[in-house]
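> Predicted coordinates and the sequence they were generated for:
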Amino acid sequence: MRIVFMGTPDFAAASLERLIDRGYEVVGVFSQPDKPRGRGMELSPSPVKALALAHDIPVFQPVKMRDGTALAQMQALKPDLVVVVAYGRILPDELLAVPPLGCINVHGSLLPAYRGSAPIQWAVLNGERVTGVTTMYLASEMDAGDTILCRETTIGEFETSGELFDRLKVMGAELLDETLQAIEAGTAPRTPQDHSRATYTTQLDKSMCPINWDRSPREIVKHICGLQPWPVATTELEGKTFRVFAAAYTDHHTDKAPGSLVAAGRDGIEFACADGDTLLVTELQAPGKKRMRAGDWLLGHPLKID
């Protein structure tokens, strides 16, 4: 079975690596154009491109998907199946029609929930207790194709989006392998999604960073966890913006207004939240400083508690 793989970030590279390790015939890889990265802003290949080149797999990086270039490249490769994992582009219908076995996708949610970009981060941000990965056939509408297989997992109470991402990329690679075996055997199920239950996500941005202390402790914890590794939650201390990386629940209550400082000590900085509850910030980063335990930062920066 001739396979063309389309993907860009680490999440996709895990699936490509699985295909290579399992000996699938990957005849070509499509990845987004190189982007400037690092302090020097030098052009760097995507993780998928770097992996493909390391295994001498031809790489294609079309700038546009609808000018005929990508279609001609795909047709020349004559794939039986196209595998798409976090490629970052919508594929036109004429490209979807090229492989006789169709185009399949690995998505980081339990579809039809969390269609779109950043499904892993939004599952954490919304306080979901369970998420997973789904394989599906691509359709014209985003993430709306018939599902093939899915696998679920619980989300840790303090698990960050980055930590969940690392787990789901492995699960996704394993599920892709299982899906391809089923397709080769002719036993792959095809289940239409219940579109009435679909939910959609959007990209994250820095406007989401500030913590709203007028929320419950759990909502704030999920905000902190969901925005890691980017763009990272923030709060104001002494008129400066601090990045917040970790927090812990308390059994304390206060009459102070949400956002007020309640206590500060070896264990961290305690803030008032909604309904008189409090939350302990345990790890933070001051402007221009390194990330550290809040208690360690307090050793050199004692806070006045009113």
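Structure received.
> only C-alpha atoms for contact and neighbour calcs from this point on.
Noted.
> what helix or strand is the residue most central in space within the chain on?
When C-alpha atoms, centre = their mean is applied to the chain, the residue found nearest the centroid is residue 120 (4.3 Å). Here residue 120 sits within helix 119-125, counting by DSSP states H and E.
> Which elements pack onto the helix or strand following that helix?
Where DSSP H and E defines the elements, the next helix or strand beyond helix 119-125 is strand 130-137. If contacts are counted by 3 or more C-alpha pairs under 8 Å, 6 or more residues apart in numbering; DSSP states H and E, strand 130-137 sits against strand 103-107, strand 147-154, helix 161-185.
> what comes up buried for strand 130-137?
The neighbour-count criterion (16 or more other C-alpha atoms under 10 Å) identifies 131-137 as the buried residues of strand 130-137.
> Could you check the angle it makes with strand 103-107?
170 degrees (axes from the mean of the first three to the mean of the last three C-alpha atoms, to 10 degrees).
> What are the contacting residues of strand 130-137?
Applying C-alpha atoms under 8 Å, 6 or more residues apart in numbering, the set of residues contacting strand 130-137 from outside is 102-111, 123, 145-155, 168, 171-172, 175-176, 179, 190.
> count of neighbours near residue 269?
21 (other C-alpha atoms under 10 Å).
> who does the one helix or strand it maps to touch, helix- and strand-wise?
If you go by DSSP H and E, residue 269 is part of strand 268-272. If you count contacts as 3+ C-alpha pairs under 8 Å, 6+ apart, strand 268-272 packs onto strand 261-265, strand 277-285, helix 294-300.
> From the chain's centroid, how far away is that strand?
A distance of 29 Å separates the centroid of the chain from that of strand 268-272, by C-alpha atoms, centre = their mean, to the nearest Å.
> what is the nearest residue to residue 59 once chain neighbours are set aside paired to in the beta sheet?
Once flanking residues are discounted, residue 59 sits nearest to residue 29: 4.8 Å by C-alpha to C-alpha, 6 or more residues apart in numbering. As for beta bridges, residue 29 partners with residue 5, residue 59 under DSSP bridges.
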